[in-house]
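Peer 1: Pasting a predicted model and its sequence here:
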Amino acid sequence: MSERADRVAPVGADRERGSLAIEAAILVPAIAVLFSLVVIIGQLETASGSVQEAARVGARTVTLDYTAAESDQQLDQAADAAVTQSLAENGLSCHGLTVQATRSSLQTGFLPLRTVRVEVKCTVQVNDLFVTGVPGEMEFDRSFTSVIDYYRPQ
């Protein structure tokens, strides 16, 4: 009895054999997909933030170098140069980049309040953002408005 009792497995132990491998085969791909989605969403938010930052830099650059005699084309060129440099510094390559600077004024009292608004449209290939080779492209459309400071020394 002692020899045979040692070799007999407990009741139900055969049913549990291999269950860990099955659980791992189900859970590991699901966890990998969730982790990939978190990384993808993070990359998209980073790209969106970079385009927003580029719009802010463009508007701020134009307002710091602003003179009333500048033409709309000169404003666009100054904003385009600042936006392109900002995107390059952030490591984002845009296809079909458009930058438009518009000025406006609001009468608030003795002096009108003048602003410059820079709109940036940037199309990013999704393959450039992810290692996974996801096809497609995302378009980011961001803008920023900056006030021209009359009292800043020229």
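Peer 2: Alright, I've got the coordinates.
Peer 1: Please make it C-alpha for all contacts and neighbour counts, starting now.
Peer 2: Fine.
Peer 1: Confirm that Arg142 sits in a helix.
Peer 2: No. Under DSSP: H, G, I helix; E, B strand; the rest coil, Arg142 falls outside any helix and is assigned strand.
Peer 1: And it, how far from Leu37?
Peer 2: Between Arg142 and Leu37 the distance, using CA to CA, to the nearest Å, works out to 24 Å.
Peer 1: With neighbour numbers in mind, choose between the two.
Peer 2: More crowded of Arg142 and Leu37, by other CA atoms under 10 Å: Arg142, with 20 against 12.
Peer 1: What does the pLDDT read for the more buried one?
Peer 2: Predicted confidence (pLDDT) at Arg142: the value is 94.
Peer 1: for the one 3 residues further on, same thing?
Peer 2: Per-residue confidence (pLDDT) for Thr145: 92.
Peer 1: and if you look at Glu139?
Peer 2: 90.
Peer 1: Ok, Thr98 next?
Peer 2: We have a pLDDT of 91 for Thr98.
Peer 1: Val118 too?
Peer 2: So Val118 comes in at 94 (pLDDT).
Peer 1: give me the element the nearest residue to Ser105 once chain neighbours are set aside is part of.
Peer 2: When the adjacent residues along the chain are set aside, Ser105 lies closest to Arg114, with 4.2 Å between them (CA to CA, 6 or more residues apart in numbering). Here Arg114 is covered by strand 112-125, with elements defined by DSSP states H and E.
Peer 1: what about that strand, distance to the chain center?
Peer 2: Computed by CA atoms, centre = their mean, to the nearest Å, the chain-centroid distance of strand 112-125 equals 16 Å.
Peer 1: Show me the contact partners of it.
Peer 2: Residues outside strand 112-125 that contact it (CA atoms under 8 Å, 6 or more residues apart in numbering) are 51, 54-56, 58-59, 62-63, 79, 92-107, 135-148.
Peer 1: Could you tell me which of these belong to strands?
Peer 2: When DSSP state E is applied, the contacts of strand 112-125 are split such that 95-107, 137-147 fall in strands.
Peer 1: Skipping adjacent residues, who's closest to the residue sitting nearest the centre point of the chain in space?
Peer 2: Geometric centre of the chain, nearest residue: Ala47, 2.1 Å, by CA atoms, centre = their mean. Nearest in space to Ala47, with sequence neighbours left out and distances taken as CA to CA, 6+ apart, is Leu92 at 7.0 Å.
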